[in-house]
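Participant: Return a 3D structure for these sequence lines:
(4 chains)
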Protein chains: 2
Amino acid sequence: MSRETNETRKKILQATVDSLGKTGGEGVRMGDIAKTAGVSRQAVYLHFASRTELLVSATRFLDEELDLEERLGFVRAAESARERLIRYVHFWGDYIPGIYGVAKALIIAQSSDEAANVAWDDRMSALKSGCEAVVKALAAEQALKPEWTKESATDAFWAMLLVPVWENLTLKCGWTTEQYKDRVTLMVLNSFVKETPP
Amino acid sequence: MSRETNETRKKILQATVDSLGKTGGEGVRMGDIAKTAGVSRQAVYLHFASRTELLVSATRFLDEELDLEERLGFVRAAESARERLIRYVHFWGDYIPGIYGVAKALIIAQSSDEAANVAWDDRMSALKSGCEAVVKALAAEQALKPEWTKESATDAFWAMLLVPVWENLTLKCGWTTEQYKDRVTLMVLNSFVKETPP
DNA sequence: AGTGTCAATTGACACGATGTAAAGCTTGCG
DNA sequence: CGCAAGCTTTACATCGTGTCAATTGACACT
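Facilitator: Model (predicted):
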């Protein structure tokens, strides 16, 4: 019984990811998702109490599908702080395209739904923690430029990784994923990391 | 007669700016604005065809009220490219708080209203032109770091000035306006401007 | 005074999207 | 047989935007 339940649930989640991915997170209604999943609109409400809850579940679903933990493991395994920073930016640059549709829908929902607000803030906190770890590692190696505190550098690094920044650079300016990764890495290195005079 | 007309129109625009400024652009309905302005909800529609048109008019209204042109004049009067860059970031850091409420409302409207989309893109293009002018000036003085093209530097500089970045740094991270201006300036200088070995 | 005009008010309504409620259908299983 | 779970169908409540039509009140022209 719960096997069949999960079948439908998964179909709905997959349909959510697909629909939002296709449109960039905009103009997708509950009924559209249901249709894509091949179920009735009410069936969606049988599995998810609200649109926001569906979106939040979809992000978790995607994290699994995209092997978030494995990717983060690779970042953490870096030998130097500098290398870790580079890996973190590259991880993020590769990860965003996969989650963009759902993320954008959540961002839009933020303005009218407190639960969406909390959920998205939560994810952004996680992203920021990653930035903090990188900055701490830099500081431990005396590689953080002296004009920054650990806090201010973390804030600034994090802000550079925000979804709207990615959105504008890739979708509006036409940067490829490779260009995004390389150039953002460049900015972050130039901004926060001391010159290595070898 | 047109004097009285403009009275009401102005009252509505001022009410729009005030209401959105107070809430940060969220949760303000047409009826709320009307009540704040002291007119009926329909009176608003007599002056502005839609919510989006009202928001767009409000940004223009604000540009005048905040002396946009005068501020830009000061930026353009800078003697060196470096100084112009600094002035541009400072101008923007001082300007955003004034327009944030209306801007945020427009950004939110973007997702469901094509006209809002176009209007906001338009403003962002203007911001980008300013970035482009700064980058060109840097290039003309051979002060642009060699790893950037004029285009990519313009894109990246512009992305750093986006409203969501300001929003997160000030409202979420608690940076003051002064800190925002100084630190963003720092990042931009480090990222794009050659060291000046004096 | 009489008439026309124009801004604004009032109240009713259409529309689109989310979310709720209730009754019925189908499949599997004791 | 009979019942229980999962899904469907249909109808409806709600909320905000935007539209419409009838009405009021002030001012201006002759």
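
Participant: okay, now the domains of chain A?
Facilitator: For chain A, automatic domain parsing gives the domain ranges A:2-48, A:68-192.

Participant: So for A:Val56, what's the pLDDT?
Facilitator: Looking at A:Val56, its pLDDT reads 98.

Participant: for A:Val28, same thing?
Facilitator: 98.

Participant: Likewise for A:Thr176?
Facilitator: So, for A:Thr176, pLDDT stands at 98.

Participant: Grab the nearest non-local neighbour of it.
Facilitator: In space, and not counting its chain neighbours, A:Thr176 is closest to A:Thr170: 7.5 Å by C-beta to C-beta, 6 or more residues apart in numbering or on different chains. C-beta coordinates here come from the backbone N, C-alpha and C atoms, glycine included.

Participant: before we move on, the earlier item: mean pLDDT lowest where, among the domains of chain A?
Facilitator: domain A:2-48 - the lowest mean pLDDT of these, at a mean of 92.

Participant: Next up, the contacts around A:Asp155.
Facilitator: By C-beta atoms under 8 Å, 6 or more residues apart in numbering or on different chains, the residues touching A:Asp155 are B:169, B:173, B:175.

Participant: Which of those sits closest to DNA strand D?
Facilitator: B:Leu169 (28.8 Å; C-beta to the nearest atom of the strand).

Participant: Quick check: which element contains the most centrally placed residue in chain A?
Facilitator: Taking C-alpha atoms, centre = their mean, the centroid of chain A lies closest to A:Ile96, which sits 5.2 Å from it. For A:Ile96, the enclosing helix or strand under DSSP states H and E is helix A:81-110.

Participant: how about that helix: buried residues?
Facilitator: A:81-82, A:84-93, A:95-96, A:98-110 (16 or more other C-beta atoms under 10 Å in any protein chain shown).

Participant: from the chain's centre, how far out does it sit?
Facilitator: 4 Å (C-alpha atoms, centre = their mean, to the nearest Å).

Participant: if we can go back for a sec, could you list every residue that touches the residue nearest to the centre of chain A?
Facilitator: Neighbours of A:Ile96 in contact, by C-beta under 8 Å, 6+ apart: A:103, A:163, A:166.

Participant: any idea how far DNA strand D is from it?
Facilitator: Distance of A:Ile96 to DNA strand D, computed by C-beta to the nearest atom of the strand, to the nearest Å: 31 Å.

Participant: ok, and the closest non-adjacent residue to A:Glu53?
Facilitator: A:Ala115 (7.4 Å).

Participant: Is the one you found in contact with A:Thr52, as I believe?
Facilitator: Yes - with contact defined as C-beta atoms under 8 Å, A:Ala115 counts as touching A:Thr52 (4.8 Å).

Participant: Can you report phi and psi for the residue nearest to A:Glu53?
Facilitator: Backbone torsions for A:Ala115, taken as degrees, to the nearest 10, come to phi -60, psi -40.

Participant: what residues are up against it?
Facilitator: Counting by C-beta under 8 Å, 6+ apart, A:Ala115 has contacts A:50, A:52-53, A:56.

Participant: please redo it, this time with the cut-off set to 10 Å
Facilitator: Applying C-beta atoms under 10 Å, 6 or more residues apart in numbering or on different chains, we find A:Ala115 in contact with A:49-53, A:55-56, A:109.

Participant: and what of A:Gly38?
Facilitator: A:8, A:11-12, A:15 are the contacts of A:Gly38 under C-beta under 10 Å, 6+ apart.

Participant: Equivalent analysis for A:Thr59, please.
Facilitator: For A:Thr59, counting by C-beta under 10 Å, 6+ apart, the contacting residues are A:16-17, A:68, A:99, A:102-103, A:105-106, A:119-120, A:122-123.

Participant: now those residues in a markdown table, with distance to DNA strand C?
Facilitator: Listed next are the contacts of A:Thr59 as a markdown table, based on distance: C-beta to the nearest atom of the strand, whole Å:
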| residue | distance to DNA strand C |
| --- | --- |
| A:Thr16 | 11 |
| A:Val17 | 16 |
| A:Leu68 | 26 |
| A:Ile99 | 20 |
| A:Val102 | 14 |
| A:Ala103 | 17 |
| A:Ala105 | 10 |
| A:Leu106 | 13 |
| A:Ala119 | 13 |
| A:Trp120 | 16 |
| A:Asp122 | 19 |
| A:Arg123 | 19 |
